[in-house]
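K.L.:
give me coordinates for this.
(chains A, B, C and D)
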There are 2 protein chains.
Amino acid sequence: MSTAREAKKAELKKRLIDAAEAEIIEHGLAGLKARAVTARAGCALGSLYTVVEDLDMLVIEVNSRTLTELGETLTEAVTQAGDTPQHALQALALRYADFAIAHQPLWLSLFEHRLPEGQDIPEWHKQEHAVLVEVIAPHLAKLRPDMTHEALILRTRTTFAAVHGVVYLALQGRFVGVPMEALKSEISGLVETMTAGAAQIVQA
Amino acid sequence: MSTAREAKKAELKKRLIDAAEAEIIEHGLAGLKARAVTARAGCALGSLYTVVEDLDMLVIEVNSRTLTELGETLTEAVTQAGDTPQHALQALALRYADFAIAHQPLWLSLFEHRLPEGQDIPEWHKQEHAVLVEVIAPHLAKLRPDMTHEALILRTRTTFAAVHGVVYLALQGRFVGVPMEALKSEISGLVETMTAGAAQIVQA
DNA sequence: GTAAAAAATGAACATCGTTCAAAAAATTTC
DNA sequence: GAAATTTTTTGAACGATGTTCATTTTTTAC
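P.N.:
I've put the predicted structure just below:
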């Protein structure tokens, strides 16, 4: 049976992704080592490369999982929110910050992981990022009925990136970042400002 | 004379920082190698460690230079801008994006460089980041006369981080990032929205 | 000019990711 | 079911990396 072999391989792959995820949680993306992962997964060092092209692809597998979970929690947040776009966008931004805080190392590895020069992210994984803007777009559309579809797509990415930037610099603990204790209220203030501005621009 | 020795050491340090800067420009931060830097600077591998604690500190020296140059160009941009806070903030954001585009690898290394776990950025270098928010604060203050000084400091960092996030994701070429050709107009739109929102909130 | 001190050097080391010949396991054949 | 063949697993070995430190070279002091 070829299915038995495939099942065995799939099971090893899952064990390796589990192990990589646990290692990233414990030691961060920079602390992820092939030997530690394979030891944790209970296989030989070389087995890693029979299941995955290289360590980078294992990170992408972990990031894929994280992205799925993030997408689910964002979708849930927006269904629970009130019906105004202001409420929906507030709920989304706050939930995004909450996820980043709760899963800091996994969330960071979504944005800190880099492929070696020349190599680029597989298309299927790029597409997985779409949820991050898809949950925002319909509510932004209500705020900006004047915009074309293309302009809205761009502005949605811009809006996501703006909130993301605040969360990212805060969690990195950079000098220019907002202190963690102020993060949620600042995110809320930023979204309030952006939604008020959007409404103001449309009305003018 | 001890000054002659110090001068020699300072000259070697400068050569090494020059070399590191050139290497980052050519191969990116991830492509920075101790052997390539010392070869370019024309000294032995070990000499690097007589002038700088380790390779990370050499990166910080490069980042320090970049930050100085960035601070100067932002200061210049804001003096040339019109007198309304809207114009000043637009000029600052666009100049920030222009600098990031023009000095992509050096600008990226400002935010991509990580110290090994446990170690943290020297205080003098943290302080050098202050200019990034100091150039923004007075203009934001005009838009939000209702805010306390403490709240303004936080909101200034938030505002910087928002613009930074858009530039960062765009330059990284991430899926969620705005395409490069739309970056400047999106930055402009974001600042327009944020300033309009701020004015609206104060008036209400 | 010689001895002492300081600085520069690069071979050597530890630690990575990755490869691949060999061993082990599974499958096929008769 | 044993032998032959194929497939999978293994971990020693390789190349590349940052860093160290005994040795060599240069500078300083008298």
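K.L.:
show me chain A divided up by domain.
P.N.:
Residue ranges for the domains of chain A, per automatic domain parsing: A:1-52, A:55-203.
K.L.:
deepest of these, which one?
P.N.:
Between those, the one whose residues have the most neighbours on average, counting mean count of other C-beta atoms under 10 Å in any protein chain shown, is domain A:55-203 (a mean of 18). C-betas here are computed from N, CA, C, even on glycine.
K.L.:
centre-most residue in chain A?
P.N.:
Centroid check for chain A by C-alpha atoms, centre = their mean gives A:Leu67 as the closest residue, at 4.9 Å.
K.L.:
which helix or strand contains that one?
P.N.:
Assigned by DSSP states H and E, A:Leu67 belongs to helix A:55-80.
K.L.:
could you do A:Thr3 as well?
P.N.:
Under DSSP H and E, the secondary-structure element containing A:Thr3 is helix A:2-27.
K.L.:
thinking A:Thr193 is in contact with B:Met194, fair?
P.N.:
Yes - contact criterion C-beta atoms under 8 Å: A:Thr193 and B:Met194 qualify, at 5.4 Å.
K.L.:
got any ranges where chain A has weak pLDDT?
P.N.:
Chain A contains residues with pLDDT under 70 at A:1-2, A:4.
K.L.:
let me see the contact set for the one residue in chain A that gets nearest to chain B.
P.N.:
Of chain A, the residue with the smallest distance to chain B, taken as C-beta to the nearest C-beta, is A:Gly165 at 1.7 Å. The neighbours of A:Gly165, taking C-beta atoms under 8 Å, 6 or more residues apart in numbering or on different chains as the test, are B:Ala161, B:Ala162, B:Val163, B:His164, B:Gly165, B:Val166, B:Tyr168, B:Leu169.
K.L.:
including secondary structure and distance to B:Ile187, could the residues you listed go into TSV?
P.N.:
Putting the contacts of A:Gly165 into TSV (DSSP: H, G, I helix; E, B strand; the rest coil; distance: C-beta to C-beta, whole Å) gives the following:
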residue	secondary structure	distance to B:Ile187
B:Ala161	helix	14
B:Ala162	helix	10
B:Val163	helix	6
B:His164	helix	10
B:Gly165	helix	11
B:Val166	helix	6
B:Tyr168	helix	12
B:Leu169	helix	12
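K.L.:
and of those, the nearest to DNA strand D?
P.N.:
B:Tyr168 (24.0 Å; C-beta to the nearest atom of the strand).
K.L.:
quick one: that closest one and A:Ala161 touch, right?
P.N.:
Yes - B:Tyr168 sits in contact with A:Ala161 when judged by C-beta under 8 Å, with a separation of 7.5 Å.
K.L.:
can you work out which residues contact both of the two?
P.N.:
Common contacts of B:Tyr168 and A:Ala161, defined by C-beta under 8 Å, 6+ apart, comprise B:Gly177.
K.L.:
circling back to that earlier point, what is the helix holding A:Thr3 packed up against?
P.N.:
helix A:34-41, helix A:48-51, helix A:55-80, helix A:104-112 (3 or more C-beta pairs under 8 Å, 6 or more residues apart in numbering or on different chains; DSSP states H and E).
K.L.:
now the ones you listed as a markdown table including distance to chain B?
P.N.:
Compiled in a markdown table, the helices and strands packed on helix A:2-27 are given as follows (distance: least, C-beta to the nearest C-beta, whole Å):
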| stretch | distance to chain B |
| --- | --- |
| helix A:34-41 | 14 |
| helix A:48-51 | 22 |
| helix A:55-80 | 10 |
| helix A:104-112 | 8 |
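K.L.:
quick one: closest of the ones you listed to B:Val51.
P.N.:
Judged by C-beta to C-beta, the one of the helices and strands packed on helix A:2-27 that comes nearest to B:Val51 is helix A:104-112, at 29.1 Å.
K.L.:
which other residues reach that closest one?
P.N.:
For helix A:104-112, with C-beta under 8 Å, 6+ apart as the criterion, the contacting residues are A:21, A:24-26, A:28-29, A:59, A:62-63, A:66-67, A:70, A:99-100, A:164, A:168, A:171-172, B:112, B:114, B:174.
K.L.:
try 6 Å this time
P.N.:
When contacts are taken as C-beta atoms under 6 Å, 6 or more residues apart in numbering or on different chains, the neighbours of helix A:104-112 outside the stretch itself are A:Ile24, A:Ile25, A:Gly28, A:Leu29, A:Asn63, A:Thr66, A:Ala100.
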